Structure formats: C-alpha cells, structure tokens
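quick check, what structure comes out for this input:
(chains A, B, C and D)
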4 protein chains.
Amino acid sequence: MPESQSLAKKVFTKMTEKDRFSRWMGIELLDTAEGYCKLQMTVRKEMLNGFGITHGGVTFSFADSAFAFASNSYGRLSVSLHASMTYNKPTKPGDILVAEAKKVSLGNKTATFDVNVSNCQSKEIVAIFRGTVYRTSEFILDKQE
Amino acid sequence: MPESQSLAKKVFTKMTEKDRFSRWMGIELLDTAEGYCKLQMTVRKEMLNGFGITHGGVTFSFADSAFAFASNSYGRLSVSLHASMTYNKPTKPGDILVAEAKKVSLGNKTATFDVNVSNCQSKEIVAIFRGTVYRTSEFILDKQE
Amino acid sequence: MPESQSLAKKVFTKMTEKDRFSRWMGIELLDTAEGYCKLQMTVRKEMLNGFGITHGGVTFSFADSAFAFASNSYGRLSVSLHASMTYNKPTKPGDILVAEAKKVSLGNKTATFDVNVSNCQSKEIVAIFRGTVYRTSEFILDKQE
Amino acid sequence: MPESQSLAKKVFTKMTEKDRFSRWMGIELLDTAEGYCKLQMTVRKEMLNGFGITHGGVTFSFADSAFAFASNSYGRLSVSLHASMTYNKPTKPGDILVAEAKKVSLGNKTATFDVNVSNCQSKEIVAIFRGTVYRTSEFILDKQE
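The predicted model follows:
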C-alpha cells in the first residue's frame, strides 16, 4: 500500500535497503513515525566482548540505528554530529533488546534525539543514548518515491 | 616470551580470546602499554549504513575496543560507564582506520580515556571518542598468568 | 515541621545552607522528592555572555544544581563524574527558567539523571542536560538531622 | 598596537566587552590565537557548592568561556551545540585555575574543541571539557575593526 505509507516508513525502507550493518545486527522494525523509531534485535554470540557480555559498541550501534531512522524520518538527509551512551546493565546472548528513539528537539540545522535501550525480558533499561544530527538540505527520497 | 611480556599485552591477549565482536571487526593490535592501546582495522562492506558509508556504530565500536583494552591494561577489571563520540568525516570500504586510546585521568574508582580514530590514507581524524570506566576491585588475570 | 519533612527536602536544606553559587544564581525550589528536583531562576544581566544572551555556563550551572539536589536526595553523598549539555534556544535577561531533574537509572555505585531546562514564558525546552554521579558510602545528614 | 593585533585577540576584546559573566568569574587572558585560548581565574567563596568545593557549574563555565573564545577566534560567529565535562578533582577557594582550549576539528558548519582545566598549584588536571559549535555565516567584527 505505497500511497498510504507514511514518509517515515518510506525513508526506513529506503535506508535499510543498503544498510548492511543493521542487517548484520538483525534489527526488526516495531514502529516508526515522524521523529520516532522503535527497533528490536536479539543478542548473538558474535556480538560479545572479552568478558562474555554484549560489546558496548553493539548496544551503541543498535541505538545509533534507531537514532538514524528517527532523525531521517522527516525526509531530510541528516548526519550524526555527536552521540553519547550511558551504560546501566550488561546483556547476554539470547537477550531481546528494544531501542526506542524519540525526538527531543528539532531545529532547522540540528536536531537531538534520545534512545532508550531496554531488555524485553527484564523490562529494564540497559543503556541510554543521546545524539545530535546536522540536517542537510538534501532529500532522501526522489520525488516519485 | 611470556615472562618479559607486559601486563597490558597479557590483558589484551586474554581479552581478545573471547572478544568475538572485535574479531568480526578484524582489529589488529599495533601497540599497547599501561593506559594505552593502538588498533587497526579495514572497513568492509558489511560495515556500511543506509547511505553507503561506515555505520557510526562500527566506528564507535572500534574506538570502544581500543578504550576497553587501554582501560583494562592496568589489570583491574574496568567496565564502561559512559562514552561519547564526535564525528568529523565519513569513511568507506577499503579505508584503513587506526584507533589510538590514551589515558586522560586515572583515579581509584574511575578513569577516563580519549580515543582518536584516524584514516591511515588521508591522515585525517575521522572521529573522536571519550569514555569513562568504573574500576572494579576484580583482577583480569589469574595469579599464574 | 522537621518530622514530616522528606529526606529529599532535608538534604536540599542542608546543601543550600552553604551553596553560595546557587544563591548567586537566585535559585528557588519548586519541588523535590526522592530522585527528583525542580528549580526556578530568573536570568539577570550579570549572567550574559559576549553576545548578550545567557552564558552557556550559567544554564549549565542551573541544571547542574538541580542534578546535585536530585542525585543527593537519597541521603548518600554523590559526586559528579560526567555531565553533558545540548543547547536548543538562547535565553535573555528577565526570562524565567525552570530546571527539572529526574532519575534515569540508579545503581549502587553510580546513578544517572536527566535535567530539562525550559523557558517558563515560551514553554520551550532551551537546553537538555544529562549527568552521572558516583555514589559514595558517606551520608549527608547526621543521625539526629 | 591595533594593526599588528591578531584576529583572535580582536575577537576576544570585542566579546569580553559585554561578557558580564566572564567578568564575574574574574577570567584573565593568558594567550589566544587561531583556534586556541588560555585563561586563568581564581576560585572565590561565591563559587562554592553545598559541599564547600567549587560548584561544578563554575568549572564548566570557565572552560566554556575558553571554548567560546577559541571557537570564535576565526572571526565567524559560532554558537555552542553541545558540551560535556568530566570531573577529576575538586578545587577550593584560592585555587588558581587555568583553562586551555584547543581545536580538535574544524569543518565548514561545525567545529570541536577540547578544554583542559588544571590547577596551577598542583599542576593536576581537574576537569576536561569537549564542545562542538555550529559556525554561522555571520562575522563578529565589523570591517573597520
């Protein structure tokens, strides 16, 4: 149903066509809307660090993907300037993680988003992410898309 | 030459035995010492995002690995509390990246490290990372190691 | 009414007795509770930077005070490890600002809080702050307090 | 010697004319150049928090002023997007602090600077700051300045 599909959904589809690293992570879209994105993934053994828990970079990457989809959902190509991550709890193989990205502020040149990463089973927030993008004047979709 | 090997090197070896995500990234050790670590990796197609450039999470993960090795190089198990990343330049498949982690401050409970990620070919800094660990009282190596 | 007073309120009273910089800022308490603090202040001319708007450090300081009261509200002396600030909108003399600090995560050793600073008149969020404390084992109040 | 004066010095002079909060802090310029600024100040009793040490916001503000002068030193009006602070050591009344701001990266739209705050007496770094500005297309000085 291409006509009724939201801009956010179309942007997500176009971005994920080529996003090979998000595919490697095995992300699944739960929901997206203007300024919003909710993703799910399952921790696998290839994602572990030297202490047998999920590598901090994987948790960050998962949050960063949700941030990218949310910040680009308005249709303007947006590039990450800065991001920060606070870690609360470790996760392990088999854990199902959810990343929920929400707009905090939206300006003409920059925008900021918060992403909470939580563990589906324990319902706990395992990490919190905050990122700022520069909003270019380029559009992601062609006119006919 | 196990006897003459530095503590930092032993910790690196022990940590990488199990660090499956660093292995996926293809990191190679260039140098390590107390509070210091320098790594290299090559960007591959599986590391790209939806815009055909290196996923921000991969660059972060690479810096995060250097941070983990540097912060654990003193032998005390150290866990990441917070990390932030500022992005300067995109990178693409085939680019050889170097991450250099240096101690900024070392306290009894916490320590902070800076990691610069640069592009070997262009000599430019592509991203800068700053992270803080909590230093537990647990040791990484067993006595005989 | 010392008996019925909450711990958070007692901690606030004790901390502000000596907090000369918060006094200089002219902060007023709107509300406080466990892990929570809401403050108000009015921008004055002495708080401006070289461009005639509120100095970024003043806005940060205001948020940082709310963060300090919220993170110490549990009664354990807590010291700031890290804080970050994202600026959305400038403010000017006469603007009434509100800082609202909320717990994001509370661990045994560390805790993280978000502080939104908003402009009372325009209802806009002017800056967002996120900070992490180290929770010492020292208590702020004496037993009889 | 107005003619031989550097652009960075002229910008500093113009910005400090109106910067009432930097004046309140009692900052003194030690050195400035393109992308660089070194300031000094002495901690006073009005700068203390509820625990009798320097309020984190004052240390941040001092670093933030050095950041503002360094980032505007190229002549283009630059506004702070994001800043973060890691605290290492407390300071107290009478301590002489030095903030040294250095360019980390300079792009057309954004630029990032690191500021180290150190204690002159103990030679220790007490806090580290990292900030990113948006570089507007407006100039700070009029043509004849």
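
tell me how far stretch A:91-107 lies from the chain's centre.
Offset of stretch A:91-107 from its chain centre (CA atoms, centre = their mean, to the nearest Å): 6 Å.

that stretch near chain D anywhere?
No - contact of stretch A:91-107 with chain D is not found when judged by CB under 8 Å from any CB of the partner chain; the minimum separation is 9.4 Å. (Glycine included, C-beta is placed from N, CA and C.)

pLDDT of that stretch, averaged?
Here stretch A:91-107 scores 97 as its mean pLDDT.

hmm, that stretch in reach of chain C?
Yes - counting by CB under 8 Å from any CB, chain C has neighbours in stretch A:91-107: A:104-105, A:107.

out of those residues, the closest to chain C would be?
Nearest to chain C out of the residues of stretch A:91-107 next to chain C is A:Ser105 (CB to the nearest CB; 4.5 Å).

quick check: the closest one vs chain B, distance?
18 Å (CB to the nearest CB, to the nearest Å).

again with A:Lys18
5 Å.

ok, that residue - how many residues close by?
Close neighbours of A:Lys18, defined as other CB atoms under 10 Å in any protein chain shown, add up to 14.

hang on, isn't it packed against B:Ile53?
No - here A:Lys18 does not reach B:Ile53: they are 10.1 Å apart, not a contact under CB atoms under 8 Å.

leaving out sequence neighbours, find the closest residue to A:Lys45.
A:Pro93 (5.2 Å; CB to CB, 6 or more residues apart in numbering or on different chains).

tell me the contacts of the one you found?
Going by CB atoms under 8 Å, 6 or more residues apart in numbering or on different chains, A:Pro93 touches A:43-45, A:47-48.

return a PyMOL selection command for the buried portion of those.
Burial among the contacts of A:Pro93 is assessed by 16 or more other CB atoms under 10 Å in any protein chain shown; the matching PyMOL selection reads:
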select buried, chain A and resi 43+44+47+48
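
reformat the contacts of A:Pro93 into CSV and put secondary structure and pLDDT next to each item.
Formatted as CSV, the contacts of A:Pro93 follow (DSSP: H, G, I helix; E, B strand; the rest coil; pLDDT from 0 to 100):
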residue, secondary structure, pLDDT
A:Val43, coil, 98
A:Arg44, coil, 98
A:Lys45, helix, 97
A:Met47, helix, 98
A:Leu48, strand, 97
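
okay, the contacts of A:Pro93 in a markdown table with distance to C:Val126 next?
Shown next, in a markdown table, are the contacts of A:Pro93 (distance: CB to CB, whole Å):
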| residue | distance to C:Val126 |
| --- | --- |
| A:Val43 | 38 |
| A:Arg44 | 42 |
| A:Lys45 | 45 |
| A:Met47 | 38 |
| A:Leu48 | 41 |
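
buried residues in the longest strand out of those in chain A, which are they?
Criterion DSSP state E: the longest strand present in chain A is strand A:125-139. The neighbour-count check on strand A:125-139 (16+ other CB under 10 Å) flags A:125-135 as buried.

what's the answer for stretch A:20-32, then?
If you call a residue buried by 16+ other CB under 10 Å, then stretch A:20-32 has these buried ones: A:20-22, A:24-25, A:27, A:32.

average pLDDT for that stretch?
Throughout stretch A:20-32, pLDDT has a mean value of 97.

then stretch A:122-141?
Computed over stretch A:122-141, the mean pLDDT rounds to 96.

pretty sure A:Gly35 is touching A:Lys102, no?
Yes - taking CB under 8 Å as the definition, A:Gly35 is a contact partner of A:Lys102 at 7.1 Å.

can you pull out the strands in chain A?
Using DSSP E, strands in chain A cover A:28-33, A:36-42, A:76-87, A:96-106, A:110-119, A:125-139.

got the residues of chain A near chain B?
Applying CB under 8 Å from any CB, we find that chain A lies next to chain B at A:14-22, A:24, A:45-52, A:55-58, A:60-62, A:64-65, A:68, A:77, A:79-87, A:90.

please report how far the residue nearest the centre of chain A lies from chain B.
Nearest to the geometric centre of chain A sits A:Ala66, at 1.0 Å (CA atoms, centre = their mean). Separation of A:Ala66 from chain B (CB to the nearest CB): 11 Å.

wait, that residue touches A:Glu100, no?
Yes - look at A:Ala66 against A:Glu100 with CB under 8 Å: they come within range, at 7.0 Å.

between these two, which contacts overlap?
Common neighbours of A:Ala66 and A:Glu100, using CB under 8 Å, 6+ apart, are A:37-38, A:115.

regarding chain A, what is its longest helix?
The longest helix of chain A (DSSP state H) is helix A:56-72.

report pLDDT for A:Glu145.
For A:Glu145, the model assigns a pLDDT of 72.

run a quick neighbour tally on the residue lying closest to it once chain neighbours are set aside.
Nearest residue to A:Glu145, sequence neighbours excluded (CB to CB, 6+ apart): A:Lys10, at 6.3 Å. A count of nearby residues for A:Lys10, using other CB under 10 Å, gives 17.

report the separation between A:Lys10 and chain C.
Separation of A:Lys10 from chain C (CB to the nearest CB) stands at 28 Å.

model confidence for that residue, exactly?
At A:Lys10, the model reports a pLDDT of 96.

wait, it sits on A:Phe139?
No - look at A:Lys10 against A:Phe139 with CB under 8 Å: they stay out of range, at 11.5 Å.

overlap in contacts, the two.
When contacts are counted by CB under 8 Å, 6+ apart, A:Lys10 and A:Phe139 have no shared neighbour.

now that we have the residues of stretch A:91-107 next to chain C, which of them are buried?
A:104-105.

re earlier: which one of the shared contacts of A:Ala66 and A:Glu100 is nearest D:Gln5?
Nearest to D:Gln5 among the shared contacts of A:Ala66 and A:Glu100 is A:Val115, at 46.8 Å by CB to CB.

now do that closest one against D:Lys14, distance only.
As judged by CB to CB, to the nearest Å, A:Val115 and D:Lys14 stand 40 Å apart.

ditto for A:Ile96
Going from A:Ile96 to D:Lys14 by CB to CB gives 56 Å.

which one's more surrounded, these two?
Between A:Ile96 and D:Lys14, counted using other CB under 10 Å, the more crowded position is D:Lys14 (16 against 13).

the more buried one reaches D:Phe139, doesn't it?
No - with contact defined as CB under 8 Å, D:Lys14 does not reach D:Phe139; the gap is 10.9 Å.

which pLDDT value goes with the residue in chain A that chain D sits nearest to?
The nearest approach of chain A to chain D comes at A:His82, 5.2 Å away (CB to the nearest CB). As predicted, A:His82 sits at a pLDDT of 97.

tell me the residues of chain A that contact chain C?
Proximity of chain A to chain C (CB under 8 Å from any CB) is limited to residues A:84, A:86, A:88, A:104-105, A:107, A:112, A:125, A:128, A:130, A:132.

contacting residues for the nearest residue to A:Val117 once chain neighbours are set aside?
Distance criterion CB to CB, 6+ apart; nearest residue to A:Val117, sequence neighbours excluded, is A:Ala127 at 4.4 Å. A:Ala127 is in contact with A:59-60, A:63, A:85-89, A:116-117, counting by CB under 8 Å, 6+ apart.
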